[in-house]
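Q: Kindly generate the corresponding structure for this input.
(one chain, ligands or ions: 2)
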Amino acid sequence: MPLYENQNLKIYNSLTGEKEIFKPLTAGYVGLYVCGPTVYNKVHLGNCRTFISFDLVFRYLKHLGYKVRYVRNITDAGHLEDDAETGEDRIAKKARLEKLEPMEIVQKYTIDFHTILQKFNNLPPSIEPTATGHIVEQIEIIKEIIDNGLAYEANGSVYFDVLKYHENNHYGILSKRKLEDMIANTRELTAQSDKRNPQDFALWKKAEPQHIMRWPSPWGVGFPGWHLECTVMSTKYLGEEFDIHGGGMDLKFPHHECEIAQGKAASGKDPVNYWMHANMLTLNGQKMAKSTGNNILPSDLFSGENDQLSKAYSPSVARFFMLQANYRSILDFSDEALTAAEKGFQRLMEAIATLPNLKTQKETDGLKVEKWREECYNAMNDDFNSPVLIAKLFDAVKFINAVKAEKAAVSTEDLEILKATMHAFVFDVLGLETVAAVDKNDKNTERLKEVLDLLVALRKSARDNKDFATSDKIRDELAALGITLKDGKEGTTYTL
Ligand code: AMP
Ligand code: ZN
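A: Numbers count the residues shown, from 1 in each chain. Ligands and ions are numbered 1, 2, ... in the order given. A predicted model of the protein is given here:
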C-alpha cells in the first residue's frame, strides 16, 4: 500500500487562504507546475530558495508514493523589463549587451541554472518546456480566447479584456485585489496605448522593428505575452485542470492572477486546485533581486569570495539553512545564520554517521521511536513544515548521542526504524548530502589529501602559465564540494 494512503497531507492553498487536505484529481497521480526562471542572467540565492522549496514538495510527494509529473518551464521569450509590459525583452536586451544571439544567452544561462540546481541536489523536473518551443500553442489559445469574446486585437497586438472577463468571473480571486481598487489606482491610458483599459494585459505583442525575437501570427509579426506561456505549457502537459501550481510569492500578481483568467477564458475551467507560493529570501532585510544588485550568487557562496561572507559554504549547508525556515516565511540571509546552520548540519551528519555503530539493548529507553517517526510525518503533512521536521530530527540526534554515551538505550528493532526514518527524511525528503562528515584519521582521508595536493599543484602551474580559467575552475569546483582553498604567504592551504 503506498504511504499516501495512511498520511493526511495538508497544503496551504493561497487561493482559499486555508490548509486543505490534499486530494489529487486522479488517485495516486499528481500534476505539479512551477514557474521556471527567465534565463537572461545568473540565478541568485533567492531564486534558488524558491526552487529548493518546490524540490522539497516534489520529493515529499514522491516519498509518499505519488507518481508526480513535475513541469517547470524555461522562460526564453516574452518577459519584458517590467510588469507594466513596457521596455525590451529581457533576453533580447542581454543579447544586445553581451553581443550574442538571444539563443546563446538562453543556452548560457539555462546551463548555469541547471548546474547550480544540481549542486543544491535539486531533482530535475519531469518536463522542462520552453516558451519558444510553444509559440504555435500560444497562438492557438489566443484564438480561442478571442472566439470566446474575452480578448481583442488592436494594431497588431492582442489584449485580454479584463473588465469583460470580470463580468462573469472574478479577476483578483488569487491576489485578493479588488478590480475597482485597481482601476482607481491606475493611471489613465496614454493616447498611444492600444488597450481598452489599463488593466488589460497582452496575450500577443506586435514586434517593433528593433525587436529581434519575433514570430509570424494571424495578427502580424510579434511575440507572446509572458503570462500566456505558463497557461499553455501547464495545460498542454497537465490538462486544463491540474493539481498544484507553484511559484515565488512575487509572481502571485499579476502573473498567476492572469494565468487563472487565461485558463478560465479559454476552457471555462479553473485551471489549478492548489496554489502554492514560496516566500522570499532577503539580504539585509531587502528582497534578493537581480535588478537591484541586492543578491548573492551561489558561486560566491561556494567560494566564500564576497564581502558579506567570512568563508565558503557547501551547497548542502545552504540548502539546510533554507529548509530550516518554513517555505511560507520570509528568510533573511546572513553569514552568521549560515555559520549556525553549518554547525547544526554537521551535528546532524555526525549523528547519522554514528548510527551503524550503535550497540543495541533489549529495550529502548529515552525516545519513543514509533511515535517520533509519526511526528516526523505529521510535520511534513502539515504543509511541508520542514523546520518542525528538522526539530524532530534533532530529537533523534540527542537520543543517538545519548545512546552512544550509554545514557540511553535502543532496541534492534527501534534502531532499524531510526536508521530508515533518518535516512528517508534527511537524504530523500530534505535532499541533503553528506559533505563535511570526514574522519580526519581515516585512510580515505589520507588518499583524499594526496589528490587535493595534486590539484593544488596543478592549479599553481595553471596560474604560473596565466591559465586563470583552469585555476579558477579548480578552486570553484572544490568549493562546491565544500573544500575551500585559501591562498596565503605560505602557499595554498585547504580545510576539509
Ligand atoms: P525570475 O527568473 O526572475 O522569473 O525568478 C525565478 C523564480 O525565483 C520566481 O519563482 C521568483 O518568484 C523567484 N524569486 C525571485 N527573487 C526571489 C527571492 N528573493 N527569494 C525567493 N524567490 C525569489
Ligand atoms: Zn509562470
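
Q: CA only for contacts and neighbour counts going forward, please
A: OK.

Q: Determine if any part of the helix or strand harbouring I111 is in contact with ligand 1.
A: Assigned by DSSP states H and E, I111 belongs to helix 102-119. No - judged by C-alpha under 6 Å from any ligand atom, helix 102-119 stays clear of ligand 1, getting no closer than 9.8 Å.

Q: which strands and helices sit next to that helix?
A: Applying 3 or more C-alpha pairs under 8 Å, 6 or more residues apart in numbering; DSSP states H and E, one finds that helix 102-119 makes contact with helix 90-98.

Q: so what does the helix it packs on touch, helix or strand wise?
A: helix 102-119.

Q: rewinding a little: quick check: which helices or strands does the helix or strand following the helix holding I111 pack against?
A: Where DSSP H and E defines the elements, the next helix or strand beyond helix 102-119 is helix 135-147. Using 3+ C-alpha pairs under 8 Å, 6+ apart as the contact criterion, the elements in contact with helix 135-147 are strand 151-154, strand 222-224, helix 226-238, helix 257-267.

Q: Provide the contact partners of helix 135-147 at residue level.
A: Helix 135-147 has contacts (C-alpha atoms under 8 Å, 6 or more residues apart in numbering) with 151-152, 158, 203-204, 215, 217, 224, 228-229, 232, 262, 265-266.

Q: just stretch 109-127 next, same as before
A: 39-43, 48, 51-52, 55, 69-74, 298, 315-316, 319, 431-433, 480.

Q: repeat that with 6 Å
A: 39, 55, 69-71, 315 (C-alpha atoms under 6 Å, 6 or more residues apart in numbering).

Q: so how far does that stretch reach from one end to the other?
A: 18 Å (C-alpha to C-alpha, to the nearest Å).

Q: gap between that stretch and the chain center?
A: Centroid separation between stretch 109-127 and its chain, computed with C-alpha atoms, centre = their mean, to the nearest Å, is 10 Å.

Q: rewinding a little: for the contacts of helix 135-147, work out which two are farthest apart.
A: With distances taken as C-alpha to C-alpha, the most widely separated pair in the contacts of helix 135-147 is W215 and A265, at 23.6 Å.

Q: Among those two, which residue is more densely surrounded?
A: A265 (25 against 15; other C-alpha atoms under 10 Å).

Q: quick one: the more buried one from I141, how far?
A: Computed as C-alpha to C-alpha, the A265 to I141 distance reads 10 Å.

Q: do the same with H423
A: 46 Å.

Q: hang on, the earlier thing: what's the mean pLDDT across the helix holding I111?
A: Per-region confidence: helix 102-119 scores 96 on mean pLDDT.

Q: now do stretch 154-162
A: Rounded mean pLDDT across stretch 154-162 is 97.

Q: Would you mind listing the buried residues in that stretch?
A: 156-162 (16 or more other C-alpha atoms under 10 Å).

Q: what's around the closest residue to M280 other than its chain neighbours, how many residues?
A: Spatial nearest neighbour of M280, excluding adjacent residues (C-alpha to C-alpha, 6 or more residues apart in numbering): I330 at 5.2 Å. With neighbours defined by other C-alpha under 10 Å, the count for I330 comes to 15.

Q: Repeat that for N381.
A: N381: 20 neighbours (other C-alpha under 10 Å).

Q: ok, now C376?
A: 22.

Q: Identify the residues contacting it.
A: Counted by C-alpha under 6 Å, 6+ apart, C376 has contacts L389.

Q: residues in contact with G65?
A: G65 is in contact with 2-3, counting by C-alpha under 6 Å, 6+ apart.

Q: So it belongs to a strand, correct?
A: No - counting by DSSP: H, G, I helix; E, B strand; the rest coil, G65 is not part of a strand but coil.

Q: residues touching P129, list them.
A: P129 neighbours (C-alpha under 6 Å, 6+ apart): N73.

Q: Please report phi then psi for it.
A: phi -80, psi 160 (degrees, to the nearest 10).

Q: picking up where we left off before, of the contacts of helix 135-147, buried ones?
A: Buried among these by 16+ other C-alpha under 10 Å: 151-152, 158, 203-204, 217, 224, 228-229, 232, 262, 265-266.

Q: hmm, who's touching stretch 306-315?
A: 120, 300-304, 335, 480, 482.

Q: got TSV for those residues, with distance to E490, secondary structure and neighbour count too?
A: Converted to TSV, these look like this (distance: C-alpha to C-alpha, whole Å; DSSP: H, G, I helix; E, B strand; the rest coil; neighbours: other C-alpha atoms under 10 Å):
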residue	distance to E490	secondary structure	neighbour count
F120	33	coil	26
D300	24	helix	20
L301	25	helix	23
F302	23	helix	26
S303	20	helix	25
G304	20	coil	21
D335	27	helix	15
A480	24	helix	22
G482	22	coil	21
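
Q: and stretch 305-322, how far from the chain's centre?
A: 17 Å.

Q: can you start the count at 3 instead of 1 from here on
A: Got it, the first residue is 3 from now on, which makes the last one we talked about stretch 307-324.

Q: Now that stretch: buried residues?
A: 311, 313-324.
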